[in-house]
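Asker: Fold the following.
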Amino acid sequence: MAKRIKADICVIGAGSGGLSVAAGAAQMGARTVLIERDAMGGDCLNTGCVPSKALLAAAKQAYRMGAGEPFGIAPVEAKVDFAKVHEHVHGVIGTIAPNDSVARFEGLGVTVIKDYARFRDGSTVLAGNAEIAARRFVIATGSRASAPPIPGLDKVPFYTNENIFENKECPAHLIVIGGGPIGMEMAQPHRRLGARVTVLEGARVLSREDPELSAVVVDRLRRDGVEILEGAKVLSVSGAENNIAVEIVHGQETRRIEGSHLLVATGRRPNVEDLGLEKAGVEYTERGLKLDERLRTTNKRIFGIGDVTGGLQFTHVANYHAGIVIRNALFRVPARADHHAVPWVTYTDPELAHVGETEEEARKRYSKINVLRWHMAENDRAQAERETEGVIKVITDSHARVLGATIVGPHAGELILPWVLAKSNALKLSAMASVIVPYPTLSEISKRAAGAYYTPALYSSKTRMLVRFLSLFG
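Answerer: Predicted structure coming up:
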């Protein structure tokens, strides 16, 4: 017979969002059940954010060994042991893993069930030999890599982000299909660690980003030696292990790209199958759950968070959703999700960070906007560290309220935060222009960009006339 468990909240999926809900709910006194069929920590810890950033860090270290000449340091060719890079990546995962472990969550008072979950009805979930009846449920099952219908792809071995970090040998020639953030974050480190790399993109690389600033990233990857073919239509894939061929149309030319390994980085698909959602009265499509602004499904007792919602697929969004759900599910506060100020970062070198509207998006909505820039080359800290490649671009409305900001350059992911605050709180540029910024820091670019808005008026002929007039009074 099934073991019957009564709970206040039952979370399906132990990725970042699900763990945040479970930890928060348990520590607030709610009877909490967490169900996970696979690895604790989900995609972010095991196959996504953490391993990719660890790989990028290793590649950047290798790159730096050959980039010391501007400092008077003779460049050294890095000797890469790819198997040890693999150990580094998995060592980082292993260091973080205890924070997401079954033992930690059971220590918080969460009942953790390692099994598949499926709804029996709108108020009951079955998992292994357990039957969980809960007041509220949270679906946090995440997403998985999606492979496009390319002829021959099902007959050849290929990587996705879900298995590429298991590779212990540097590819001789890695072919990457897809020029989005995942594709670019994998292309650059593999090139810097010794692989030949070709990126095939059907449209424009990093197409969601401001083209002016994404071009800086693309240029750096090309200088690193990554071959990037934009507007390339993939016709077919063939071959076998260590001998992959991709036939493409690029421009007016049909080409055959041969490589040793293939990475498919063409997007992700929400995990909505095999949950018994129909029995629970939960509507969904292949693009994700159908939700209201409070993240409730069509069964108001059941919430959805993170990638499975079909929205922005970021760990920080899943964690934000967790807070919305806790307020709704435990405190009955009608909290609504607001995604207008969600930042995102592509962790290439240089990094590319963004929040709010791009220039193109803003011009479609407003009759008048202001576009402000400040270049890294004009920043003293960037000059001292010889990292002058980059720019900040800020978009405001006619009243100087921040509409969006994009930064390309070193540590752009860290530098974007004050603009997230400005966008979230509808701040004007005066707030950024008036802050005291430590010198010398890269963060000065934000103050400088904001100050550029006021420069024409501050140093105008009217100002000079006023100064001369006031000088008459002593």
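
Asker: Residue 297 touches residue 303, doesn't it?
Answerer: Yes: taking CB atoms under 8 Å as the definition, residue 297 is a contact partner of residue 303 at 6.8 Å. In this view, the C-beta of every residue, glycine as well, is placed from N, C-alpha and C.

Asker: do you know how far the residue minimising distance to the centre of the chain is from residue 343?
Answerer: When the chain is reduced to its mean C-alpha position, the closest residue under CA atoms, centre = their mean turns out to be residue 314, at 4.9 Å. Noted for residue 314: a distance of 9 Å to residue 343, by CB to CB, to the nearest Å.

Asker: Need the overlap of contacts for residue 297 and residue 303.
Answerer: 139, 291 (CB atoms under 8 Å, 6 or more residues apart in numbering).

Asker: Tell me which of the two has more neighbours.
Answerer: More crowded of residue 297 and residue 303, by other CB atoms under 10 Å: residue 303, with 29 against 23.

Asker: residues contacting the residue nearest to the centre of the chain?
Answerer: Residue 314 sits next to 342, 344 when contact means CB under 8 Å, 6+ apart.

Asker: let's go with 7 Å and repeat that
Answerer: Under the criterion of CB atoms under 7 Å, 6 or more residues apart in numbering, the contact partners of residue 314 comprise residue 344.

Asker: With residue 86 instead?
Answerer: Residues in contact with residue 86, defined by CB under 7 Å, 6+ apart, are residue 168.

Asker: same deal with the one 10 residues further on?
Answerer: Applying CB under 7 Å, 6+ apart to residue 96 gives the contacts 45, 50.

Asker: what separates it from residue 225, distance-wise?
Answerer: Using CB to CB, one gets 31 Å for the distance from residue 96 to residue 225.

Asker: now swap in residue 69 and tell me
Answerer: 18 Å.

Asker: so residue 190 touches residue 197, yeah?
Answerer: Yes: taking contact to mean CB atoms under 7 Å, the distance of 5.4 Å between residue 190 and residue 197 places them in contact.

Asker: Report pLDDT for the closest residue to residue 325 other than its chain neighbours.
Answerer: On the basis of CB to CB, 6 or more residues apart in numbering, the spatially nearest residue to residue 325 that is not a chain neighbour turns out to be residue 303, at 4.8 Å. With respect to pLDDT, residue 303 scores 98.

Asker: after the helix or strand where residue 303 lies comes which helix or strand?
Answerer: According to DSSP states H and E, residue 303 maps onto strand 302-304. With elements assigned by DSSP H and E, the helix or strand that comes after strand 302-304 is helix 315-329.

Asker: Overlap of the contact sets of residue 190 and residue 197?
Answerer: Where contact means CB under 7 Å, 6+ apart, the residues bridging residue 190 and residue 197 through contact with each are residue 174.

Asker: Neighbour count: those two, which is higher?
Answerer: Higher neighbour count among residue 190 and residue 197: residue 197, with 27 against 24, using other CB under 10 Å.

Asker: who's in contact with that one?
Answerer: Contacts for residue 197 (CB under 7 Å, 6+ apart) come out as 174, 176, 187, 190, 191, 226, 227.

Asker: ok, now residue 304?
Answerer: 139, 289, 291, 295, 297.

Asker: re the thing from before, nearest to residue 459, of the contacts of residue 197?
Answerer: Minimum separation from residue 459 among these (CB to CB) is found for residue 226, which lies at 43.4 Å.

Asker: and the nearest residue to residue 224 once chain neighbours are set aside, what is it in contact with?
Answerer: Using CB to CB, 6+ apart and skipping residues adjacent in sequence, the residue nearest residue 224 is residue 191, 5.3 Å away. For residue 191, the set of contacting residues under the criterion of CB under 7 Å, 6+ apart consists of 197, 224, 225, 226.

Asker: Just the ones of those residues in helices?
Answerer: Using DSSP state H, the members of the contacts of residue 191 that fall in helices are residue 224.

Asker: Out of the contacts of residue 191, which end up buried?
Answerer: For the contacts of residue 191, a neighbour count by 16 or more other CB atoms under 10 Å gives the buried set as 197, 224, 226.

Asker: quick one: the second one and residue 194 touch, right?
Answerer: No: proximity of residue 224 to residue 194 does not meet the contact threshold set by CB under 7 Å, at 11.8 Å.

Asker: residues shared between the contacts of the two?
Answerer: Residues within reach of residue 224 and of residue 194 at once, by CB under 7 Å, 6+ apart: there are none.

Asker: Where does the prediction get shaky in the protein?
Answerer: Within the chain, the stretches with pLDDT under 70 are 1.

Asker: what's the angle from the longest helix along it to helix 315-329?
Answerer: Among the elements of type helix in the chain, defined by DSSP H, the one spanning the most residues is helix 49-65. Between helix 49-65 and helix 315-329, the angle comes out at 150 degrees (axes from the mean of the first three to the mean of the last three CA atoms, to 10 degrees).

Asker: Would you mind writing the CA trace of helix 49-65 as PDB?
Answerer: Output of helix 49-65 as PDB, limited to C-alpha atoms (Å, rounded to 0.1, in the frame of the first residue of the first chain):
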ATOM      1  CA  CYS A  49      25.400  27.600 -14.900                       C
ATOM      2  CA  VAL A  50      28.000  26.100 -12.600                       C
ATOM      3  CA  PRO A  51      30.000  23.800 -14.900                       C
ATOM      4  CA  SER A  52      29.900  26.300 -17.800                       C
ATOM      5  CA  LYS A  53      31.300  29.100 -15.700                       C
ATOM      6  CA  ALA A  54      33.900  26.800 -14.300                       C
ATOM      7  CA  LEU A  55      34.900  25.800 -17.800                       C
ATOM      8  CA  LEU A  56      35.000  29.500 -18.900                       C
ATOM      9  CA  ALA A  57      37.200  30.300 -15.900                       C
ATOM     10  CA  ALA A  58      39.700  27.600 -16.800                       C
ATOM     11  CA  ALA A  59      39.800  28.800 -20.400                       C
ATOM     12  CA  LYS A  60      40.300  32.400 -19.300                       C
ATOM     13  CA  GLN A  61      43.300  31.300 -17.200                       C
ATOM     14  CA  ALA A  62      44.800  29.600 -20.200                       C
ATOM     15  CA  TYR A  63      44.300  32.700 -22.300                       C
ATOM     16  CA  ARG A  64      45.900  35.000 -19.700                       C
ATOM     17  CA  MET A  65      49.100  33.000 -19.900                       C
END
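
Asker: And the contacts of it?
Answerer: By CB under 7 Å, 6+ apart, the list of residues contacting helix 49-65 from outside reads 44, 76, 78, 80, 85, 88-89, 92-93, 96, 165, 185, 188-189, 192-193, 315, 347, 349.
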